[in-house]
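Enquirer: Just need the structure, nothing else, for what follows:
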Amino acid sequence: MRVGFLALSAGLILASLPTASDAQRADNDILPRSIALQQQGQTAQEAGDLNLAVDYYESALAADPRNRSAIIALAQVARVQGLPGKAIGLYREALVLEPNDIVALTGQGEALADKGALELAREKLSEAQRVCDKNCPQVAALEKTISSSASKRVVAAEALVPKPVVATVSSASQN
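Expert: You can find the predicted model right below:
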């Protein structure tokens, strides 16, 4: 009886061990289907069809959620569409996969500057400068975006005083 129990336990343990086909892929080993969908998205984006590009990029991510390039491409489309908040979140996802991705760091900084969060954008700039030792075009673009966003005039709600409306009473409404 004890031998049978040991054999059953050993069988369960062996059955639960992963096989060679279950082995995890390397982080940079993106599925070819995901890469092909991403390339179709890039073609659609270059043709100016942003909605189709988003569909392809999202399909690429459904095929392989670790496709950081597809996440960054989605974030770039979101910025072009005027959705900096969505872009910030997408860049954050890319940075979870690779914290030192210079394109994701500077892209998130530019999206933060677009949204008006200049202090956070400056933090991303310093991180990008730490990652990129030499003069990187992405860092220069982020510096330019921050300086142009800082020069934009922000108008407070209190500065906009509404003009008083003078109501006139007509003789027809008095009767």
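
Enquirer: drop to CA atoms for contacts and neighbour counts, all remaining ones
Expert: Will do.

Enquirer: Show me where this structure dips below the pLDDT cut-off.
Expert: By pLDDT under 70, the weakly predicted segments of the chain are 1-28, 152-175.

Enquirer: at 90 instead, please
Expert: Low-confidence segments of the chain (pLDDT under 90): 1-29, 132-136, 148-175.

Enquirer: And the helices in it?
Expert: Ranges of helices within the chain are 2-16, 32-46, 50-63, 68-80, 84-97, 102-115, 118-131, 137-151, 171-174, based on DSSP state H.

Enquirer: got a markdown table for those helices, with mean neighbour count too?
Expert: Below are the helices of the chain laid out as a markdown table (neighbours: other Cα atoms under 10 Å):
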| stretch | mean neighbour count |
| --- | --- |
| helix 2-16 | 10 |
| helix 32-46 | 18 |
| helix 50-63 | 20 |
| helix 68-80 | 22 |
| helix 84-97 | 20 |
| helix 102-115 | 26 |
| helix 118-131 | 18 |
| helix 137-151 | 17 |
| helix 171-174 | 6 |
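
Enquirer: now Gln40: how far from Ala94?
Expert: To Ala94, Gln40 is 20 Å away according to Cα to Cα, to the nearest Å.

Enquirer: ok, now Asn135?
Expert: According to Cα to Cα, Asn135 and Ala94 sit 22 Å apart.

Enquirer: Skip the chain neighbours and tell me the closest residue to the residue most central in space within the chain.
Expert: The residue lying closest to the centre of the chain (Cα atoms, centre = their mean) is Leu90, at 1.7 Å. In space, and not counting its chain neighbours, Leu90 is closest to Ala75: 5.4 Å by Cα to Cα, 6 or more residues apart in numbering.

Enquirer: I would like the residues contacting stretch 78-89, please.
Expert: 74-76, 108, 111-112, 114-115 (Cα atoms under 8 Å, 6 or more residues apart in numbering).

Enquirer: 6 Å - rerun?
Expert: Stretch 78-89 is contacted by residues 75, 108, 111, 115 when judged by Cα atoms under 6 Å, 6 or more residues apart in numbering.

Enquirer: C-alpha coordinates for it, PDB please?
Expert: Taking Å, rounded to 0.1, in the frame of the first residue of the first chain, the C-alpha atoms of stretch 78-89 are listed here in PDB:
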ATOM      1  CA  ALA A  78      -2.300  58.000 -29.000                       C
ATOM      2  CA  ARG A  79      -0.100  61.200 -28.900                       C
ATOM      3  CA  VAL A  80      -0.900  62.000 -32.500                       C
ATOM      4  CA  GLN A  81      -4.600  61.600 -31.800                       C
ATOM      5  CA  GLY A  82      -4.300  64.000 -28.900                       C
ATOM      6  CA  LEU A  83      -4.600  61.500 -26.100                       C
ATOM      7  CA  PRO A  84      -1.600  62.100 -23.900                       C
ATOM      8  CA  GLY A  85      -3.100  60.300 -20.900                       C
ATOM      9  CA  LYS A  86      -3.500  57.100 -22.900                       C
ATOM     10  CA  ALA A  87       0.000  57.500 -24.300                       C
ATOM     11  CA  ILE A  88       1.400  57.900 -20.700                       C
ATOM     12  CA  GLY A  89      -0.200  54.700 -19.600                       C
END
